[in-house]
Structures are given as C-alpha cells and as structure tokens.
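# Give me the fold of what follows.
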Amino acid sequence: MSSTKRKDLPYSVDATSTPVISENEIIFGTSRDGLVALDRSTLNEKWHCSVGKALIYTSSYTRPDSQTIETSPIIVGNTVFVGASDGYLYAIDKNEGDITAKYNLGSPIFSSVSFSGNTLFVSDFGGNVYAFCMKSK
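Coordinates of the predicted model:
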C-alpha cells in the first residue's frame with residue numbers, strides 16, 4: 001500500500017466539491033474561500049481564486065461573506081470550469097489561477113459542469129440549463 005500524505009489547510013473544505021486531479025494539481029472548491037489548487041506532489045498551495053459572495057447559504061456555513069463552491073471543477077485544456085454559489089460560471093487558467101471569463105447565470109450553481117464535444121453544460125438552482133459552445137482554435 002502506498003503512503004498517505006496529510007496537510008492542514010487554511011481553508012474550510014466542508015463543501016460537496018469533489019477534487020479534480022491533473023498531472024500537476026489537485027483543484028477543489030471550499031465552503032468560504034473559492035477555488036484552490038495544490039501542487040500534487042508537495043500539497044503546497046499553487047494558487048487560490050476568490051469568487052463572489054454566495055447568494056444563499058447552505059447549512060453548516062452561513063457566514064455572509066462565504067465564497068462557496070459546492071460544485072466539482074472540470075478541466076478542459078488549460079482551463080478549469082466551475083460553478084459557484086454566487087451565480088457565476090467561472091473559467092480559470094489552470095496554471096495561474098486567474099479568472100479568464102465568468103458568466104452571470106443569476107442563480108446559485110449547485111450542479112457540476114459537464115463537457116461533451118465542444119459544448120459545456122451547466123444548470124443553476126433556478127432550474128435553467130445552459131449550453132456554452134466552445135470556439136475551435
């Protein structure tokens with residue numbers, strides 16, 4: 001059996017976000033501090049990306065300044081896509097953690113984003129389903 005690594009983090013990770021693992025990163029949402037990427041080999045923070053304040057608060061964290069991400073991020077190329085409780089879909093540079101685009105859906109996003117072909121799909125808490133077609137380079 002392989003060894004287990006453990007590292008205390010300065011973030012509250014009591015969110016339902018499942019980490020996405022790339023060759024070099026572990027990327028996950030937090031309950032108060034947006035999206036975090038750790039270096040996969042050292043578990044040191046690679047970057048942290050803040051999002052807006054949650055529009056509604058789910059139980060266990062009701063702080064008015066929570067930057068909650070309940071969804072699981074996905075990686076498409078060098079972009080991380082994730083929905084947040086602030087009602088925005090975020091496109092984040094996988095290497096630097098910079099927001100490259102964000103789309104206001106107007107309602108919290110509690111479902112994870114999916115990708116098929118050249119289309120990104122996401123649904124919001126208001127019951128809407130969105131499809132974003134990616135342009136070919």
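# Now do the SS call for Phe121.
Of the three states, Phe121 takes strand under DSSP: H, G, I helix; E, B strand; the rest coil.
# how near is the nearest residue to it once chain neighbours are set aside to Glu23?
Spatial nearest neighbour of Phe121, excluding adjacent residues (Cβ to Cβ, 6 or more residues apart in numbering): Ser114 at 4.8 Å. (Glycine included, C-beta is placed from N, CA and C.) Relative to Glu23, Ser114 is positioned 21 Å away (Cβ to Cβ, to the nearest Å).
# Which of these two has more residues huddled nearby?
Ser114 (12 against 5; other Cβ atoms under 10 Å).
# isn't the more buried one right up against Pro73?
No: using Cβ atoms under 8 Å, Ser114 is not in contact with Pro73; the gap is 11.7 Å.
# So, low pLDDT: which residues of this protein?
Within the chain, the segments meeting pLDDT under 70 span 1-2, 14-15, 57-64, 136-137.
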